[in-house]
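In: Provided below are the primary sequence and the corresponding predicted coordinates.
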Amino acid sequence: MGRERIRATARRIAAGNESASKLLEQARAAAERAKALNPIAFVDWEAAAERARALDAELAAGTPRGALHGIPISIKDLFNVRGMPTRGGTRAALPDLGRDEAELVTRLRAAGALIFAKTNMHEIALGATGENAWTGDVCNPFDPARQAGGSSSGAAVSVASGIGLGAVGSDTGGSVRVPAAFCGVSGFKPSYGAIPLAGSLYLSWTCDHAGPIAESVDDCALLFEAMALRSSAHGRVPRAPRLAVPRPWLAGRMSAAVASRFERVLLRLAASGAVIESHEMPALSLAWAHYTPIVRAEAAFVHRAALAAGGEGFSESVRAPMIDGGGLPAIRYLEAMNARERVRASLAAVLRDFDAIVLPTSPVLPPLRGQLEVEVAGGRTLSTREAVLGQTLPFSMAGLPALSIPCGFEQGLPVGLQVVGAFDADARLLALGRWIEETLEAEITSAPS
């Protein structure tokens with residue numbers, strides 16, 4: 001796996017050694033091979049081919065658009081894309097998204113990206129498994145019996161399967177990072193507000209983020225730069241990066257396989273110069289206690305018209321939580337919002353003394369589809385939702401930038417390392433992510449056993 005695949009491919013396109021049309025043909029062949037995994041929500045291959053030819057013609061005429069000229073990128077099916085339907089993984093009526101194309105999609109087009117498909121997702125983004133009663137489950141590319149993660153399930157599977165060179169997902173509680181980890185690719189949730197969400201279907205407007213999924217941190221950085229209209233080139237890695245590990249909180253939460261891989265990763269990072277320290281982080285438990293009321297209340301507001309009409313078209317697994325959210329007392333919502341500020345302040349205090357927080361993206365390997373509980377250390381069980389989202393939602397709730405980077409395989413399944421930075425320090429986090437990726441190169445590129 002090349003660490004700069006998008007950058008290198010863009011250079012080949014610029015030199016005339018590659019073309020958007022050829023890359024699209026490769027994506028189409030990969031989509032056919034991965035059809036049973038169900039990653040694609042919508043694609044019009046002929047229309048995409050026409051756009052690819054137009055991009056190739058622009059380049060031939062000496063008018064390249066930008067750093068992503070000719071790079072095929074797919075979009076999660078909750079962002080409006082001109083000429084494509086937006087269904088959000090549901091059969092319910094959706095609210096008006098305000099514009100015919102999401103701002104981030106327009107920015108990708110301006111950078112030259114070939115927007116060619118919409119990807120499947122967990123219904124209205126309210127879930128982390130990728131299972132969907134209406135569109136069918138998105139299946140894990142390493143074991144189709146297992147979850148692909150969610151809600152940006154199709155985006156991660158598309159990248160892992162070679163259907164394009166990158167994808168755009170959304171992340172409210174882990175929906176970019178979890179599927180990236182489960183599918184063995186990289187995912188980046190930037191700081192809150194860094195990428196505009198105009199023209200997207202909100203789940204929780206105070207927790208929602210957009211972010212890229214791609215093969216590497218550098219690929220994610222290029223997509224982030226195009227969507228955020230900001231450079232990340234100024235990020236620097238300290239000579240001895242200080243990494244905080246929430247060991248007291250992690251104790252008893254990880255499966256034996258993930259714990260073993262995580263310790264191996266920490267040893268490798270320490271051998272390469274990182275200073276790793278255990279740190280108490282009560283904010284992680286506080287976030288779990290207050291995240292759900294915020295998301296469910298805001299989701300109920302977003303979908304209030306459909307719910308008022310009876311909620312037809314929502315599966316019960318998403319309708320019931322939204323009904324709960326709609327009946328939430330205002331004081332409980334305000335209590336949760338107040339707790340969010342304490343979570344932010346607590347994590348900011350940690351990140352004043354450390355360059356990043358590191359922990360497994362998921363404490364367990366990808367669960368089986370339909371699996372509701374997972375086993376962790378000491379024979380304990382956790383709900384799959386708590387185990388998986390508990391590792392990621394605090395950082396969405398706090399709006400902090402967070403990366404998921406592949407860090408090897410256990411039992412033939414990928415494990416992800418989550419790296420969290422200070423608010424608005426996206427460039428520094430991406431630089432650190434590149435360093436970690438290089439340090440773990442042998443782990444990332446090793447074949448699953």
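Out: Noted; the coordinates are in hand.
In: can you pull the contacts of the residue sitting nearest the centre point of the chain?
Out: The structure's the chain has its C-alpha centroid closest to residue 176; by Cα atoms, centre = their mean the separation is 1.1 Å. Shown in contact with residue 176 (Cβ atoms under 8 Å, 6 or more residues apart in numbering): 152, 155, 169, 170, 187, 188, 189, 209, 211, 212, 213, 404. All C-beta atoms are positioned from the backbone trio N, CA, C, and that covers glycine.
In: strands - which of these land there?
Out: Those of those mapping onto strands are 169, 170, 187, 188, 189, 209, 211, 212, 213, 404, per DSSP state E.
In: widest-spaced pair of these?
Out: Largest separation among the ones in strands among the contacts of residue 176 by Cβ to Cβ: 170 and 404, giving 14.5 Å.
In: more neighbours: these two, which one.
Out: When neighbours are counted by other Cβ atoms under 10 Å, residue 404 comes out ahead of the other of residue 170 and residue 404, with 35 against 26.
In: helix, strand or coil for residue 382?
Out: When classified by DSSP: H, G, I helix; E, B strand; the rest coil, residue 382 comes out as strand.
In: do the same with residue 75
Out: strand.
In: who touches it in this structure?
Out: 81, 84, 102, 105, 115, 117, 118, 119, 167, 168.
In: mind checking which of those are buried?
Out: Buried subset of the contacts of residue 75 (neighbour count, 16 or more other Cβ atoms under 10 Å): 81, 84, 102, 105, 115, 117, 118, 119, 167, 168.
In: just to check, the third one is in contact with residue 84?
Out: No - between residue 102 and residue 84 there is no contact, the gap being 10.9 Å when judged by Cβ atoms under 8 Å.
In: please tell me how far the nearest residue to residue 257 once chain neighbours are set aside sits from residue 315.
Out: Among residues not flanking residue 257 along the chain, residue 410 sits closest, at 4.0 Å (Cβ to Cβ, 6 or more residues apart in numbering). For residue 410, the distance to residue 315 equals 32 Å [Cβ to Cβ, to the nearest Å].
In: try residue 245
Out: For residue 245, the distance to residue 315 - Cβ to Cβ - is 38 Å.
In: and residue 33, what's its pLDDT?
Out: With respect to pLDDT, residue 33 scores 98.
In: what is the neighbour count of it?
Out: Applying other Cβ under 10 Å, we find 12 residues neighbouring residue 33.
In: excluding its backbone neighbours, what's nearest it?
Out: Nearest residue to residue 33 in three dimensions, chain neighbours excluded: residue 161, at 7.1 Å (Cβ to Cβ, 6+ apart).
In: contacting residues for the one you found?
Out: Per Cβ under 8 Å, 6+ apart, neighbours of residue 161: 30, 31, 33, 34, 37, 39, 141.
In: ok, which pair from these is furthest apart?
Out: Farthest apart among these by Cβ to Cβ are 31 and 141. That separation is 12.6 Å.
In: quick one, longest helix in this protein?
Out: For the chain, the helix reaching the highest residue count under DSSP state H is reported as helix 330-353.
In: buried set for it?
Out: Quick answer for helix 330-353 (16+ other Cβ under 10 Å): 333, 336, 339, 340, 343, 344, 346, 347, 350, 351.
In: ok, the fifth one touching residue 288?
Out: No - contact between residue 343 and residue 288 fails when scored by Cβ under 8 Å: they sit 9.9 Å apart.
In: could you pull out the strands for the stretch 51-200 of the chain?
Out: Remark: strands assigned in the stretch 51-200 of the chain by DSSP state E, counting those that start in this stretch are 72-76, 114-119, 166-171, 186-189.
In: CA atoms of the first one as PDB?
Out: What follows is the C-alpha trace of strand 72-76 in PDB, where atoms were taken according to Å, rounded to 0.1, in the frame of the first residue of the first chain:
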ATOM      1  CA  PRO A  72     -12.400   9.200  -8.300                       C
ATOM      2  CA  ILE A  73     -14.200   9.900  -4.900                       C
ATOM      3  CA  SER A  74     -17.500   8.500  -3.600                       C
ATOM      4  CA  ILE A  75     -19.900  10.300  -1.300                       C
ATOM      5  CA  LYS A  76     -21.900   9.000   1.600                       C
END
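In: next, the angle strand 114-119 makes with that strand.
Out: Going by axes from the mean of the first three to the mean of the last three Cα atoms, to 10 degrees, strand 72-76 is angled at 30 degrees with respect to strand 114-119.
In: sorry, back to before: which of the contacts of residue 161 are buried? Put it as a PyMOL command.
Out: This is the PyMOL syntax for the buried subset of the contacts of residue 161, where burial follows 16+ other Cβ under 10 Å:
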select buried, resi 30+31+34+37+39+141
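In: and for residue 343 and residue 288, which residues touch both?
Out: residue 394.
In: so which bits of stretch 385-398 are buried?
Out: Those would be 385, 387-398, for stretch 385-398 by 16+ other Cβ under 10 Å.
In: redo the residues you listed as TSV? Include secondary structure.
Out: Putting the buried residues of stretch 385-398 into TSV (three-state DSSP) gives the following:
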residue	secondary structure
385	helix
387	helix
388	helix
389	helix
390	coil
391	coil
392	coil
393	helix
394	helix
395	helix
396	helix
397	helix
398	coil
